[in-house]
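Student: sequence unknown, structure follows:
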Ligand code: ATP
Ligand code: MG
């Protein structure tokens, strides 16, 4: 590791509490600004390959690349790293752009590595001319075999000593389409005994007779990541090229190529940070693609997916994702972040932004026998509890027939069950005390209705005689309730690290990750805007799904429960 770039010390001046302690990336940028290394410039890029949808791991990289540029008055390019014609698609380009904007970032310039194919080719020719690259006829498996191992040096390819003239000729003919795929590659001529295996003559170009979604059939040789990335950075005058740790060993190639081509100085520098791994999920485009293609989820935007599209559809707010990325910070060592931290950031925000309303997911009929049929009492109900200083209330109807939650009644309640049972009294939220007088069952012995009485003196939830009830339950008036679909999502995987086993990660999918209910919600929600958030009291935070909902047929997604139920389970 390059020591100069590593520091995690808090670089804040004493007494400055305005920000978190500076991380090593920001400390590096500040050192470079102070030394004038790039003439006071900060230019970063976010370089996704358009071969899938962005996920929460990318959000972290976006917050780093765009965030640092923003903080230091610099610029960040969006560069599609689209040098592989076999996997890329314009659908992904559009999705990626939408997701970045949704997160709240905008790019200085939209670039495509594929637009640099002519320059990248010229740089390859330059390496050949300097005697630093050669055309190799070894097959892919032979190249692997010749590369050696961590303990043993590799062997030189028999084609390694081709003359510059021969290499120039062969490379031009590769480009002209004279050879089949796999017949030849262009390799950097570095050192087959290098302790860093990546430096053992890396492949720079390969033949692929495929149409590219942008360049069409103009090319049949395509640059490898190691050739394209550093040079694209240089072409765009990037200063700080930040990427994840799996590229640490590629940094030597990055520097080698830039040192041996005529790119302007000061040259961009690569610095690595830890990738985000999140418990109970997978953050890899390839793995997520497997879930989509195998039909394990409904698509890239399935609300259980850790993709930005999935999270958006579920109702996760972009600000809570940015806040989460801020909270986890950047580090030099990979680790797994507890998904509960993400849920905490979401909850924290919605707690202050989501009005409280009443919804019954598993309805059980309650008939108030001493309340006249046909009458309605409109009760005042605040949207916010007293400890959150926000204004707003609505009226909710009380009538003879109500729905309550099945789970709020037990025929033989155990100790500490303070809700409804035969002969027991509870408070209806914002309403009256009711007492269960009679339990009606169907032929199968299932409780289908409760006959209750209400105490007219307890309107608003207090008894004038000072009598106490311990339980308060939510409810809705049966005649006024709106029928909706409510979807509860749970973690996609039942295992905290689905990739950490010697088995197919798909075996660890949580079979109960989706539960669908025909729920009854209070009438005030009839006019709710698609895309708005509410807290369904005692159930969690919900989002009116703008994609799934139809006029008169609402679909509510649970964004997150009120508490972390997994903490108790494990
Ligand atoms: P995957 O490996 O999941 O398919 P990728 O790394 O191939 O994704 P790219 O589109 O190539 O995805 O990545 C764009 C940028 O996002 C890169 O700089 C990459 O390092 C970064 N990135 C990808 N996954 C993560 C992650 N889990 N945490 C942080 N950054 C990430
Ligand atoms: Mg990758």
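Tutor: Thanks, I have the structure now. Just so it is clear, the structure is predicted and the values come from calculations on it, not from any experiment. Ligands and ions are numbered 1, 2, ... in the order given.
Student: Every contact and neighbour count from this point should use C-alpha atoms.
Tutor: Fine.
Student: which bits of the chain sit near ligand 1?
Tutor: 47-49, 57-58, 60-61, 243-244, 275-277, 283-286 (Cα under 6 Å from any ligand atom).
Student: repeat that with 5 Å
Tutor: Proximity of the chain to ligand 1 is confined to 47-49, 57-58, 61, 243-244, 275-276, 284-286 under the rule Cα under 5 Å from any ligand atom.
Student: among those residues, which are in strands?
Tutor: Cross-referencing the residues of the chain next to ligand 1 against strands under DSSP state E gives 243-244, 276.
Student: element containing the closest residue to residue 395 other than its chain neighbours?
Tutor: Here the nearest residue to residue 395 in space, its sequence neighbours aside, is residue 380; by Cα to Cα, 6 or more residues apart in numbering that works out to 4.8 Å. Using DSSP states H and E, residue 380 sits within strand 377-382.
Student: any low-confidence regions in the stretch 401-550 of the chain?
Tutor: By pLDDT under 70, the stretch 401-550 of the chain contains no weakly predicted segment.
Student: Going by proximity to ligand 1, name the top residue of it.
Tutor: residue 499 (12.8 Å; Cα to the nearest ligand atom).
Student: Quick check: closest non-adjacent residue to that residue.
Tutor: residue 505 (5.5 Å).
Student: I figured that neighbour hits residue 498, correct?
Tutor: Yes - Residue 505 lies in contact with residue 498 (Cα atoms under 8 Å); the separation is 5.1 Å.
Student: the more surrounded of these two?
Tutor: residue 498 (20 against 17; other Cα atoms under 10 Å).
Student: phi, psi of the more buried one?
Tutor: phi -60, psi -20 (degrees, to the nearest 10).
Student: what's near enough to touch it?
Tutor: 280-282, 505-506, 508 (Cα atoms under 8 Å, 6 or more residues apart in numbering).
Student: one more time with 6 Å, if that's ok
Tutor: The neighbours of residue 498, taking Cα atoms under 6 Å, 6 or more residues apart in numbering as the test, are residue 505.
Student: In terms of pLDDT, where does residue 6 sit?
Tutor: What the model reports as pLDDT for residue 6 is 35.
Student: thinking again about what came up before, what distance do you get for the residue nearest to residue 499 to residue 494?
Tutor: 11 Å (Cα to Cα, to the nearest Å).
Student: and if you look at residue 426?
Tutor: 36 Å.
Student: repeat for residue 169
Tutor: Taking Cα to Cα, one finds residue 169 at 57 Å from residue 494.
Student: To what extent is residue 506 buried, counted in neighbours?
Tutor: 16.
Student: before we move on, the earlier item: now the buried members of the residues of the chain next to ligand 1.
Tutor: Those of those that meet the buried threshold are 47-49, 57-58, 61, 243-244, 275-276, 284-285, by 16 or more other Cα atoms under 10 Å.
Student: now for the residues you listed, which pair is the farthest apart?
Tutor: 49 and 276 (17.5 Å; Cα to Cα).
Student: on that earlier part again, for the strand holding residue 380, name the packing helices and strands.
Tutor: Applying 3 or more Cα pairs under 6 Å, 6 or more residues apart in numbering; DSSP states H and E, we find strand 377-382 packed against strand 393-398.
Student: What residues of the strand it packs on count as buried?
Tutor: 396-398.
Student: How about stretch 99-113?
Tutor: Buried, per 16+ other Cα under 10 Å, within stretch 99-113: 99-100, 102-103, 106-107, 111-113.
Student: swap in stretch 149-166?
Tutor: 153-154, 156-157, 160-161, 164.
Student: hang on, the earlier thing: confirm the residue of the stretch 401-550 of the chain closest to ligand 1 sits in a helix?
Tutor: No - using DSSP: H, G, I helix; E, B strand; the rest coil, the assignment for residue 499 is coil, not a helix.
Student: My guess is it contacts residue 507. True?
Tutor: No - under the criterion of Cα atoms under 6 Å, residue 499 makes no contact with residue 507, lying 10.2 Å away.
Student: of these two, who's got more company?
Tutor: residue 499 (16 against 12).
Student: how about that one, phi and psi?
Tutor: Dihedral angles (degrees, to the nearest 10) for residue 499: phi -90, psi 0.
Student: Look up how far residue 535 lies from it.
Tutor: Distance from residue 499 to residue 535, by Cα to Cα: 34 Å.
Student: do residue 504 as well
Tutor: Applying Cα to Cα to residue 504 and residue 535 gives a distance of 37 Å.
Student: low pLDDT regions in this protein?
Tutor: Looking at the chain by pLDDT under 70, you get 1-21, 565-570.
Student: Show me the domain layout of it.
Tutor: Split into domains by automatic domain parsing, the chain comes to 117-224, 279-351+482-570, 356-480.
Student: Need the nearest residue in space to residue 410, chain neighbours excluded.
Tutor: Using Cα to Cα, 6+ apart, the closest residue to residue 410 is residue 421 (5.2 Å).
Student: how about residue 98, secondary structure?
Tutor: Taking three-state DSSP, the label given to residue 98 is helix.
Student: Now do the same for residue 451: helix, strand or coil?
Tutor: Relying on three-state DSSP, one would call residue 451 strand.
Student: same question, residue 102
Tutor: helix.
Student: which ones are touching it?
Tutor: Per Cα under 6 Å, 6+ apart, neighbours of residue 102: none.
Student: quick one: it and residue 96, what's the gap?
Tutor: Relative to residue 96, and taking Cα to Cα, residue 102 is found at 10 Å.
Student: And residue 366, by the same measure?
Tutor: 50 Å.
Student: again, but for residue 503
Tutor: Counting by Cα to Cα - residue 503 and residue 96 are separated by 31 Å.
Student: Out of these two, name the residue with the larger neighbour count.
Tutor: residue 96 (24 against 10).
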